[in-house]
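Participant: Need a 3D model of the sequence below.
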Amino acid sequence: MPGKSIVLYKSPRQKLRFKNKTTSRAAQPPAVIKTARVVDEATQTAFDRFEAKSDLGQPVQVDVPSEKSENMKEVLGELRKHNAAVTTKGSADVIQAAIDAAPLRHIRHAAQPGWHQGQQDIFVRPTHVVGAKLGVEELQPPRVRPGEKRQIVFSNGGTIEGWRHEVARHARWSSRATLMIGAAFAGPLLRVLGYQSFGVMLFGPPKVGKSTAQLAGGSVVGLRNEEAMPSFKATSVGMDLIAITCNDGMLPINEAALLGRDAYAKLSPMIYGLSEGKDKVRHGESLYASDVSASGWSLVYAMSSENSVEALAAQSGMTRQGGEVARCLDVPALRGDHATIFDLRPRGLSDEDFEKGAHWRMKKIREGCEDHHGVVFDAYLRGLMAFGDDLKPKAQAYVDEFVRKLRLRDADGAVNHAARNFGAIYAGLRFAMDMKVLERPWRPLTARKAIALCFRDGIKVSRLRDTTLEEAKAILQKRLQEASLPRKETATAQDVGFRTMEGTDEYVAVRSTEFVRWFGSKRELLIAVLAWLDEQRALKKAGPEKRPRGNGYGWAVTTPRCPAWKERCFVFRQPIST
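Facilitator: I've put the predicted structure just below:
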């Protein structure tokens, strides 16, 4: 009809077929990018890192071992395993192009947190790196396997000024909170000073502020609340992994009551393990490394409990060894008649008003830690790096100052060892004040006095152990002088024991029945002296792995052969270092 345009008719089926054809032509294969070449120091292996997207547009990242990363099927398989939207037919070309491309950057994952490769110019934190590593490679924190659950959670938040005002301002009125903050600053100094890891057990009644003091220190290294801190629920293997995560820092561990019955039997090996800085179990599922060079740690651990380690040992019929006391000193949470950890009263404030404000201060510290955590540690680490070669002598000078001011006289080795440890805590506080991380009203004198109060109160707790051991050693010395102990070859059935030479060392074997009789009904003296002999590495045991347990002494008994008799004996080297 004139005036009407002629439009060709298309059936609905034809329209649908045309539409599908257009859509198919527009579809593009998903992008796959080689983002990095990755080197893992912990395992000494390399990976190529590829990125793609899932069907829902979410980013997918996979690390393919370098020996497989040039194989298209291997890369495809890893991407598919992690839900990337790639297919064998549609993505082969883009995957091959990604394989052939140069990586966008080069990444080196550190073996573990802490001073990188023992040098004091770069510090690896669990979440980031402080300092700069020159070169093409970008240094990053340890590589974590997907899905690996952590028992301690670090983060950075807030500001340094906020931490000073909301946390440090309140903590300075507590010698115990001061101790915990100093412990956090001391962590990076131990490796510099060449000191072994050590710990503090803060003990006392519930609700007096023990965990608040721990949290004040934990906020320095990036722990924002109690939920971020590990507890004694962690297994021994788990504790090793946590310790490696806290390398060259502070490890707070909450509430020893979670160890349950036989707490000391579990706690004592943990103290030695943490202090020695070596993981007991290395396996393929480790959070970081199975390589020996990447295992181990240096740190200050701060534990809390309602009971001291000394009391837990007594409950189990055991006595703490001097070396263990030096490695982890009990510090009472309460000082004098104070009802909380706050014991440093401001001038002009009555005792009553001070105690009333204590719980308010605890609340403010917790709120402050939630908002401000971790950032202060970054500033502190940069300050330590700025000292360069002067860092070690300056740190040692602060330690020496603290020990000298204690005026220790005729102190035994364990007390001096503990004094040096607390000196490292004081040194951490002094460095923090030097670099203005801690500002006035924090002062060197008040900080030193606060740490000294904690140290002296801790030594008082361990005096019972010292008295017990001294009495036990005196009895042993007297009995050895009185006993008939001929050479092994000439011993008779009437002798209580004998002496024998092994190389240049002389050993004494005393019948176990007679040795036990020497200490009469005072079983604690017997246990104390056996533990001390074991600590001095002078005692021969039923097995090298045996250690003091409960009231029994079978772990310390051997059966040496003698021409006159064969009987169970205690065997130990003479003379014994005291």
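Participant: Quick check on the most centrally placed residue in the chain: phi, psi?
Facilitator: Central residue of the chain (Cα atoms, centre = their mean): residue 243, 3.1 Å from the mean position. Backbone dihedrals for residue 243, given as degrees, to the nearest 10, come out at phi -60, psi -40.
Participant: Hmm, it is touching residue 298, no?
Facilitator: No - using Cβ atoms under 8 Å, residue 243 makes no contact with residue 298, being 9.6 Å away. Every C-beta, even on glycine, is put in place using the N, C-alpha and C of the backbone.
Participant: which neighbours do those two share?
Facilitator: The overlap between the contact sets of residue 243 and residue 298 (Cβ atoms under 8 Å, 6 or more residues apart in numbering) consists of residue 277.
Participant: Output the below-cut-off pLDDT ranges for the chain.
Facilitator: For the chain, residues meeting the criterion pLDDT under 70 lie at 1-30, 145-149, 234-237, 257, 278-295, 409-410, 463-467, 545, 547-551, 576-578.
Participant: mind checking how far residue 101 is from residue 135?
Facilitator: Going from residue 101 to residue 135 by Cβ to Cβ, to the nearest Å gives 22 Å.
Participant: oh sorry, the question was meant for residue 44
Facilitator: To residue 135, residue 44 is 18 Å away according to Cβ to Cβ.
Participant: And for residue 546?
Facilitator: Remark: distance between residue 546 and residue 135 (Cβ to Cβ) = 50 Å.
Participant: Between the two, which is the more surrounded one?
Facilitator: Using other Cβ atoms under 10 Å as the criterion, residue 546 and residue 135 rank with residue 546 on top: 14 against 9.
Participant: and the helix or strand in which residue 514 is found, C-alpha only, in CSV?
Facilitator: Element membership for residue 514, per DSSP states H and E: helix 512-518. Output in CSV follows, covering the C-alpha atoms of helix 512-518 (Å, rounded to 0.1, in the frame of the first residue of the first chain):
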residue,chain,number,x,y,z
SER,A,512,68.5,-45.4,96.4
THR,A,513,67.1,-46.7,99.7
GLU,A,514,70.0,-45.1,101.6
PHE,A,515,69.9,-41.8,99.6
VAL,A,516,66.2,-41.4,100.4
ARG,A,517,66.9,-42.1,104.1
TRP,A,518,69.3,-39.2,104.1
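Participant: what's next to that helix, contact-wise?
Facilitator: Residues outside helix 512-518 that contact it (Cβ under 8 Å, 6+ apart): 475-476, 479, 483, 496-497, 526, 553, 557, 567-570.
Participant: Any chance of the residues you listed in JSON lines with secondary structure, neighbour count and distance to residue 378 as columns?
Facilitator: JSON lines is the format used below for those (DSSP: H, G, I helix; E, B strand; the rest coil; neighbours: other Cβ atoms under 10 Å; distance: Cβ to Cβ, whole Å):
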{"residue": "475", "secondary structure": "helix", "neighbour count": "17", "distance to residue 378": "55"}
{"residue": "476", "secondary structure": "helix", "neighbour count": "22", "distance to residue 378": "53"}
{"residue": "479", "secondary structure": "helix", "neighbour count": "16", "distance to residue 378": "59"}
{"residue": "483", "secondary structure": "coil", "neighbour count": "15", "distance to residue 378": "63"}
{"residue": "496", "secondary structure": "coil", "neighbour count": "19", "distance to residue 378": "64"}
{"residue": "497", "secondary structure": "strand", "neighbour count": "24", "distance to residue 378": "61"}
{"residue": "526", "secondary structure": "helix", "neighbour count": "24", "distance to residue 378": "52"}
{"residue": "553", "secondary structure": "coil", "neighbour count": "18", "distance to residue 378": "51"}
{"residue": "557", "secondary structure": "coil", "neighbour count": "18", "distance to residue 378": "54"}
{"residue": "567", "secondary structure": "coil", "neighbour count": "16", "distance to residue 378": "64"}
{"residue": "568", "secondary structure": "coil", "neighbour count": "15", "distance to residue 378": "59"}
{"residue": "569", "secondary structure": "strand", "neighbour count": "25", "distance to residue 378": "58"}
{"residue": "570", "secondary structure": "strand", "neighbour count": "25", "distance to residue 378": "54"}
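Participant: State the pair within those that is farthest apart.
Facilitator: 475 and 567 (21.6 Å; Cβ to Cβ).
Participant: Would you confirm that residue 184 contacts residue 429?
Facilitator: No - counting by Cβ under 8 Å, residue 429 is not a contact partner of residue 184; they are 9.8 Å apart.
Participant: Tell me how many other residues surround residue 563.
Facilitator: Residue 563 has 11 neighbours, counted by other Cβ under 10 Å.
Participant: need the helices for the stretch 351-500 of the chain, in chain order.
Facilitator: Remark: helices assigned in the stretch 351-500 of the chain by DSSP state H, counting those that start in this stretch are 351-371, 375-387, 391-406, 413-434, 444-482.
Participant: Export those to JSON lines and append columns for distance to residue 562.
Facilitator: JSON lines is the format used below for the helices of the stretch 351-500 of the chain (distance: least, Cβ to Cβ, whole Å):
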{"stretch": "helix 351-371", "distance to residue 562": "64"}
{"stretch": "helix 375-387", "distance to residue 562": "59"}
{"stretch": "helix 391-406", "distance to residue 562": "48"}
{"stretch": "helix 413-434", "distance to residue 562": "35"}
{"stretch": "helix 444-482", "distance to residue 562": "18"}
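Participant: Please identify the deepest-packed of these.
Facilitator: Ranked by mean neighbour count under mean count of other Cβ atoms under 10 Å, the helices of the stretch 351-500 of the chain are led by helix 413-434, which reaches a mean of 23.
Participant: As CSV, could you dump the C-alpha coordinates of that one?
Facilitator: Extracted C-alpha coordinates of helix 413-434, given in CSV (Å, rounded to 0.1, in the frame of the first residue of the first chain):
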residue,chain,number,x,y,z
GLY,A,413,73.1,-17.3,89.6
ALA,A,414,69.3,-17.7,89.1
VAL,A,415,68.6,-14.3,90.8
ASN,A,416,71.3,-12.6,88.7
HIS,A,417,69.9,-14.2,85.6
ALA,A,418,66.4,-13.0,86.4
ALA,A,419,67.7,-9.5,87.2
ARG,A,420,69.3,-9.3,83.7
ASN,A,421,66.0,-10.3,82.1
PHE,A,422,64.1,-7.6,84.0
GLY,A,423,66.9,-5.3,83.0
ALA,A,424,66.0,-6.0,79.3
ILE,A,425,62.4,-4.9,80.1
TYR,A,426,63.7,-1.7,81.6
ALA,A,427,65.9,-1.2,78.5
GLY,A,428,62.8,-1.5,76.3
LEU,A,429,61.0,1.2,78.3
ARG,A,430,64.1,3.5,78.2
PHE,A,431,64.3,3.1,74.4
ALA,A,432,60.6,3.9,74.0
MET,A,433,61.1,7.0,76.1
ASP,A,434,64.3,8.0,74.1
